[in-house]
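Asks: Below is the structure, and that's it, no one-letter string:
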């Protein structure tokens, strides 16, 4: 536990000292959601309908980018290799990194949520804490995905290249733009394998229909499973030098 805590604490300090990362955490989501809110200022009912999917998508996108780039820097600076050369196990390493990134990633997700609800002024029917819990699970899944994908990138440009492959298809196939029931049958099958699909469903049910967590347990289970699979995959790709 001490090793995991030490790694998490160091990661948190590194991100806190990085002004670019802090700008990405705080500024970028606010700018994007402000532009979206301004675009729909005369179409409040439409904004209310698309807001759950927007919140899930923005949280997943920004958290993925933050985590992937930060973890890549750890590798490029040799920090990861030095840690792996010690008695630190891969599980210690990944849990420590997950905890360190999660603090800022969750803060970013909460900023997106609160800004959307109370500044952009989106209406919601469900319990605010239920929405935050879903976002926490989405954030954990996104951090896990960011750690895993960053093991295949050699520089930040390559991380950006993964965005069209991983994030863009989820935006189009998760029900954000078009209901999944209206997609061709083969795209519906693909949609059923995408984490953002389940995040969108959960947030829509809670925010638009007033559902509780017990009503979206299937979606929660899929997101948790995705996070576990991504962490296991990351553990398999991080090897001792």
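Replies: That came through fine. Just so it is clear, the structure is predicted and the values come from calculations on it, not from any experiment. Numbers count the residues shown, from 1 in each chain.
Asks: For burial, what's the neighbour tally of the nearest residue to residue 237 once chain neighbours are set aside?
Replies: Nearest non-adjacent residue to residue 237, counting by Cβ to Cβ, 6 or more residues apart in numbering: residue 151, 4.3 Å away. C-beta here means a position set from N, CA and C on the backbone, and glycine is covered the same way. Under the neighbour criterion other Cβ atoms under 10 Å, residue 151 is assigned a count of 18.
Asks: mind listing the helices for the chain?
Replies: Using DSSP state H, the helices of the chain run over 2-17, 19-39, 44-76, 79-84, 90-118, 128-150, 156-166, 168-173, 185-191, 195-209, 217-237.
Asks: Remind me what the first one packs against, helices and strands.
Replies: With contacts defined as 3 or more Cβ pairs under 8 Å, 6 or more residues apart in numbering; DSSP states H and E, the packing partners of helix 2-17 are helix 19-39, helix 44-76, helix 90-118.
Asks: ok, 6 Å please
Replies: With contacts defined as 3 or more Cβ pairs under 6 Å, 6 or more residues apart in numbering; DSSP states H and E, helix 2-17 has these neighbours: helix 90-118.
Asks: ok, now the fifth one?
Replies: Taking 3+ Cβ pairs under 6 Å, 6+ apart as contact, the helices and strands that helix 90-118 lies on are helix 2-17, helix 19-39, helix 44-76, helix 128-150, helix 217-237.
Asks: Looking at it now, give me its mean pLDDT.
Replies: Mean pLDDT, taken over the full extent of helix 90-118, equals 87.
Asks: Ok, the first one next?
Replies: Taken as a whole, helix 2-17 has a mean pLDDT of 82.
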